[in-house]
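**Q** here is my input; please provide its structure:
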Amino acid sequence: MPPYAAVDPGFCNHVKVIRLLRRKDGLAAIGLWTLCLAWSHAHTRNLPPVQQGTVPVEIAETYGGPEWHELADLLVEVGLWNQVEDGLWRFHDFREHQTMDVYEAKRRGGRQTANKRWGTPMFGDPEDSSASSSPIGELVAQPKESNGSASSQAVQAVHTREEELKTSSSSSSGPTDADPDRALDAPGQRDDVERICDHLADRVEQRYGKRPKVIKGWRTAARLMLDADGRTEQQVHAAIDWCQDNEFWSPNVRSVPKLREKYIQLRAQAARDQAGARKPSTTDARVRAGLELAEKYAAQERAALTRGDHDDEVADGTGAGEGSGVRRAHNR
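**A** Here you go, the predicted structure:
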């Protein structure tokens, strides 16, 4: 694949783009499409073909802002994206438009040339290691054994990982769990899961004025927080309230999958904030002492000025009181 995502020069005049621009949020949808194209090209190009060109819900939400779901629906409606499943999209004809086949043919030819020249098989490229950091797929290095080639073992690892991804939540973050209970994530299956999802949706609506759509990925992440991560429902509700009251975390945690991904960070920061609130600030104490000292000096200066004015009045005979009266009587 080329090192950069490719956009056809005729993209701006394509009928799908023209249809999109006639919609209210069409320009924003094109912005989401462009950012996700760059992300998908960077993070899915070395995955199996079934996963290339995909966009998970976390990425759409990150780049789309509060209206991300409506923008994704627009892209699906005009045909620029295809809905793979709830919380996962794929670019229409990604491999064709990103010249995947041409690029891979050149790469295979380069490998064959290297094999002939050096007499050693080559498996993967240096860039293949980037797949291990991809939110969608991970390639685990397999040790070379005598009963099979390293290439066949790695290919088997890819297929095994792909099957695990199909059974786990494609839109939930955090540890990937083999999840045989995902069928329980239909609406209304669990009251505790629904309460968590509704709570976060209520807080996001309260803060941003628009209620996010509770999708299956939300319910999956909520259930895994309770069952796999060992959180109590009360702890999850407390985390929702804390992050939505925090100016930094509120815009960054607007879905339950993101809440699950950042839960440990949220808990650690909440603990630090609580400890900081209990411990008096030495800076505040120094400032307070400085203000008190400045007030003390100001009071002494005012007292000195008052005494000075009084002495001047006595000296020139303008002061009132017994002393001035005695002086006037003596003068007469």
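**Q** name the residues of stretch 205-223 that are buried.
**A** Within stretch 205-223, the residues that count as buried by 16 or more other CB atoms under 10 Å are 212, 214, 215, 216, 217, 218, 219, 220, 221, 222, 223. In short, each C-beta sits where N, CA and C put it, glycine included.
**Q** please apply the same query to stretch 263-275.
**A** Those buried within stretch 263-275 under the rule 16+ other CB under 10 Å are 263, 266, 269, 270.
**Q** which one of these sits closest to residue 85?
**A** Residue 85 lies nearest to residue 263 out of the buried residues of stretch 263-275, by CB to CB, at 24.5 Å.
**Q** and the gap between the closest one and residue 239?
**A** To residue 239, residue 263 is 6 Å away according to CB to CB, to the nearest Å.
**Q** show me the strands in this protein, by range?
**A** Secondary structure of the chain (DSSP state E): strands located at 54-56, 81-85, 88-91.
**Q** using TSV, lay out the ones you listed together with distance to residue 26.
**A** Shown next, in TSV, are these (distance: least, CB to CB, whole Å):
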stretch	distance to residue 26
strand 54-56	18
strand 81-85	14
strand 88-91	17
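**Q** of the ones you listed, flag the one that's most buried.
**A** Of all the strands of the chain, strand 54-56 has the most neighbours on average by mean count of other CB atoms under 10 Å, namely a mean of 26.
**Q** that strand - what's its average pLDDT?
**A** For strand 54-56, mean pLDDT rounds to 91.
**Q** name every strand pairing with that strand and say which way it goes.
**A** Using DSSP bridges, strand 54-56 pairs in its sheet with strand 88-91 (antiparallel).
**Q** and stretch 189-198, what's buried?
**A** 190, 193, 194, 196, 197.
**Q** in helices only, show me these.
**A** Mapping these onto helices (DSSP state H) picks out 193, 194, 196, 197.
**Q** list just the nearest of these to residue 26.
**A** residue 197 (29.6 Å).
**Q** verify the stated contact: that closest one with residue 218.
**A** Yes: contact status for residue 197 versus residue 218: in contact at 4.8 Å, counting by CB atoms under 8 Å.
**Q** who touches both of the two?
**A** residue 256 (CB atoms under 8 Å, 6 or more residues apart in numbering).
**Q** show me the helices in the stretch 1-150 of the chain, by range?
**A** Secondary structure of the stretch 1-150 of the chain (DSSP state H, counting those that start in this stretch): helices at 15-21, 26-44, 57-64, 68-78, 94-97, 100-118, 150-167.
**Q** over to the stretch 201-332 of the chain?
**A** Using DSSP H, counting those that start in this stretch, helices in the stretch 201-332 of the chain cover 216-227, 233-245, 256-278, 282-316, 322-331.
**Q** burial measure for residue 94, as a count.
**A** By the criterion of other CB atoms under 10 Å, residue 94 has 22 neighbours.
**Q** which residues touch the residue lying closest to residue 244 once chain neighbours are set aside?
**A** Distances taken as CB to CB, 6 or more residues apart in numbering place residue 203 nearest to residue 244, at 4.2 Å, with adjacent residues excluded. When contacts are counted by CB under 8 Å, 6+ apart, residue 203 touches 240, 241, 244.
**Q** ok, and the closest non-adjacent residue to the second one?
**A** If the residues on either side of it in the chain are set aside, residue 241 comes closest to residue 203, at 7.2 Å by CB to CB, 6+ apart.
**Q** ok, now how distant is that neighbour from residue 23?
**A** According to CB to CB, residue 203 and residue 23 sit 29 Å apart.
**Q** equivalent analysis for residue 235, please.
**A** Relative to residue 23, and taking CB to CB, residue 235 is found at 41 Å.
**Q** ok, now residue 31?
**A** Taken as CB to CB, the span from residue 31 to residue 23 is 13 Å.
**Q** what of residue 192?
**A** In terms of CB to CB, residue 192 sits 38 Å off from residue 23.
**Q** domain ranges for this protein, per the record?
**A** Per automatic domain parsing, the structural domains of the chain span 1-131, 182-278, 290-315.
**Q** burial-wise, tell me which of the helices of the stretch 201-332 of the chain comes out on top.
**A** Among the helices of the stretch 201-332 of the chain, the stretch with the highest mean neighbour count (mean count of other CB under 10 Å) is helix 216-227, at a mean of 24.
**Q** what's it packed up against?
**A** Contact here means 3 or more CB pairs under 8 Å, 6 or more residues apart in numbering; DSSP states H and E; on that basis helix 216-227 packs against helix 191-208, helix 233-245, helix 256-278.
**Q** quick check: the closest residue to residue 202 other than its chain neighbours vs residue 86, distance?
**A** Nearest residue to residue 202 in three dimensions, chain neighbours excluded: residue 211, at 7.8 Å (CB to CB, 6+ apart). Residue 211 sits 18 Å away from residue 86, going by CB to CB.
**Q** pLDDT score for residue 71?
**A** Residue 71 is assigned 93 on the pLDDT scale.
**Q** how many neighbouring residues does it have?
**A** Neighbours of residue 71 (other CB under 10 Å): 25.
**Q** tell me the contacts of it?
**A** Shown in contact with residue 71 (CB under 8 Å, 6+ apart): 25, 28, 29, 32, 60, 64.
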